[in-house]
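Student: Next comes the sequence, and after it the predicted model I'd like to discuss.
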Number of protein chains: 2
Amino acid sequence: MGRTKEFDPDTVLRAALDLFWHKGYEATSIQDLVDHLGIGRASIYATFGNKHELYLKALQRYRESDTVVSRLSQPGSAIAAIRALLHERVEEILADSDRKGCFAINTAAECLPGDDQLTRQVEAAWNTVETAFIGALYRAQAQGELAADRDPRALGGFLITVLEGLYALAKVPDSQRLRDATRVALSILD
Amino acid sequence: MGRTKEFDPDTVLRAALDLFWHKGYEATSIQDLVDHLGIGRASIYATFGNKHELYLKALQRYRESDTVVSRLSQPGSAIAAIRALLHERVEEILADSDRKGCFAINTAAECLPGDDQLTRQVEAAWNTVETAFIGALYRAQAQGELAADRDPRALGGFLITVLEGLYALAKVPDSQRLRDATRVALSILD
DNA sequence: CATTTTTTGGAACGAAAAGTCTAGAAAAGA
DNA sequence: TCTTTTCTAGACTTTTCGTTCCAAAAAATG
């Protein structure tokens, strides 16, 4: 019983994520959200709580929609998957006229340290990605594509550092720099 | 003629930089600045203009105090200088209990794109660092420490990407990850 | 069809924001 | 020493912030 919502909460959350991603936490006002989400103030508060909770949920939504883990755990060559992922991400960055970068980095740079909940989310996000890299590298060793004396853990830490570096530089993208950096970084796997 | 300032503008600017670095642009209010700089509102506006101009000057001040260029152009082995710089920066990141990260990245993540003046400053900052890396790599080739068939430009782009990646991850520092990443990255120069 | 429950848009709230203004204090030059 | 000029502290203004409240509207149940 009772009236049903006129909107799809997940669609609205996705729109909120886009806005936060584009403008950052502090610079995005509730009025901005009202204007872009297509629903009223009261509906925002009733559905998502306050601004901070909404941002937190947007970050969770961002993490859920990230494809790194699935891309790296597909069957087939793990090394090829890593290479394809990095190249794909660089081209994505260069093609994005909005220059939004990585939502996790944007969050980290603006809100960390000092926000414990966001800190935990960002930490978890990066741990997830790093673990995916490490897992892929172990698979690569099993597949004989990575020498047994290489250290998957160290290489995983290296790869996420490079990936986040690329996303950091994405705010002022230079196609040659980003492609060169990717190529050099991947040569580590040869 | 006329009264003299009771404060040293550069000291105050440095303090403003510290505060912006710690809290970010939007989250730092003029009141915060008044409380921390030790001078009155009117003095802030009279000396530095509005908040945005003050932030811009703080960023310029940050760039001027950066030591990457001088560290990389010291006489002696250029490769050793690059290695020392990266290791030093990682230890600096790990030792910084404030977890402020890199002011340029923080600025880029929060204020770019959308602020043309800050964009130009961040772009110039990164170009300066990248150029310093490239110059050091050319010197390394001249010194016979880097093979002649390596591409200093591509390696320079790679090194700044790694450095900024390390700074991005500095918000949730993991000593093993950062040290591993640095070690792997520097193995490129072997 | 009526009742109940929840959503909805917009008005309203107090707090805090950025920036301005004014009165007085202090230093430099005559 | 007296005048002039600039600096300083804090009150003030206007706007915008995040959040709450309220009356009307609409869907689901009986």
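Tutor: Noted; the coordinates are in hand.

Student: Just the helices from chain A, written as ranges.
Tutor: A:9-23, A:30-37, A:41-48, A:51-65, A:68-72, A:78-95, A:103-111, A:116-142, A:152-169, A:175-186 (DSSP state H).

Student: Could you export the ones you listed as CSV, including mean neighbour count, mean pLDDT and distance to chain B?
Tutor: All C-beta atoms are positioned from the backbone trio N, CA, C, and that covers glycine. Shown next, in CSV, are those (neighbours: other C-beta atoms under 10 Å in any protein chain shown; pLDDT from 0 to 100; distance: least, C-beta to the nearest C-beta, whole Å):
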stretch, mean neighbour count, mean pLDDT, distance to chain B
helix A:9-23, 17, 95, 8
helix A:30-37, 15, 93, 13
helix A:41-48, 15, 93, 20
helix A:51-65, 17, 97, 13
helix A:68-72, 16, 97, 15
helix A:78-95, 17, 98, 10
helix A:103-111, 27, 98, 3
helix A:116-142, 19, 98, 5
helix A:152-169, 25, 98, 3
helix A:175-186, 19, 98, 4
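
Student: Go through those and name the closest to residue B:97.
Tutor: helix A:116-142 (14.3 Å; C-beta to C-beta).

Student: any idea of the angle that closest one forms with helix B:175-186?
Tutor: Per axes from the mean of the first three to the mean of the last three C-alpha atoms, to 10 degrees, the angle that helix A:116-142 makes with helix B:175-186 is 50 degrees.

Student: Could you list the contact residues of chain A toward DNA strand D?
Tutor: A:1-4, A:28-32, A:41-42, A:45, A:50-52 (C-beta under 7 Å from any atom of the strand).

Student: From those, pick the one nearest residue B:164.
Tutor: residue A:28 (24.6 Å).

Student: so that closest one sits right up against residue A:20, yeah?
Tutor: Yes - under the criterion of C-beta atoms under 8 Å, residue A:28 makes contact with residue A:20 at 5.5 Å.

Student: just to revisit the earlier point, okay, the helices of chain A in JSON lines with distance to DNA strand C next?
Tutor: Putting those into JSON lines (distance: least, C-beta to the nearest atom of the strand, whole Å) gives the following:
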{"stretch": "helix A:9-23", "distance to DNA strand C": "9"}
{"stretch": "helix A:30-37", "distance to DNA strand C": "8"}
{"stretch": "helix A:41-48", "distance to DNA strand C": "3"}
{"stretch": "helix A:51-65", "distance to DNA strand C": "12"}
{"stretch": "helix A:68-72", "distance to DNA strand C": "32"}
{"stretch": "helix A:78-95", "distance to DNA strand C": "31"}
{"stretch": "helix A:103-111", "distance to DNA strand C": "15"}
{"stretch": "helix A:116-142", "distance to DNA strand C": "19"}
{"stretch": "helix A:152-169", "distance to DNA strand C": "25"}
{"stretch": "helix A:175-186", "distance to DNA strand C": "34"}
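
Student: Out of those helices, the one nearest residue B:78 is which?
Tutor: helix A:175-186 (17.3 Å).

Student: now the closest one, how far from the centre of its chain.
Tutor: 19 Å (C-alpha atoms, centre = their mean, to the nearest Å).

Student: can you list contacts of that helix?
Tutor: Helix A:175-186 is contacted from outside by A:82-83, A:86-87, A:90, A:93-94, A:158-159, A:162, A:165-166, A:169-170, B:130, B:151, B:153-155, B:157-158, B:160-162, B:185, B:188, using C-beta atoms under 8 Å, 6 or more residues apart in numbering or on different chains.

Student: Need the phi and psi values for residue A:66.
Tutor: phi -70, psi 140 (degrees, to the nearest 10).

Student: Next, the contact list for it, please.
Tutor: A:125, A:129.

Student: one step back: put together a markdown table for the helices of chain A, with distance to residue B:101 on each row.
Tutor: Below are the helices of chain A laid out as a markdown table (distance: least, C-beta to C-beta, whole Å):
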| stretch | distance to residue B:101 |
| --- | --- |
| helix A:9-23 | 19 |
| helix A:30-37 | 26 |
| helix A:41-48 | 29 |
| helix A:51-65 | 18 |
| helix A:68-72 | 22 |
| helix A:78-95 | 20 |
| helix A:103-111 | 7 |
| helix A:116-142 | 12 |
| helix A:152-169 | 10 |
| helix A:175-186 | 20 |
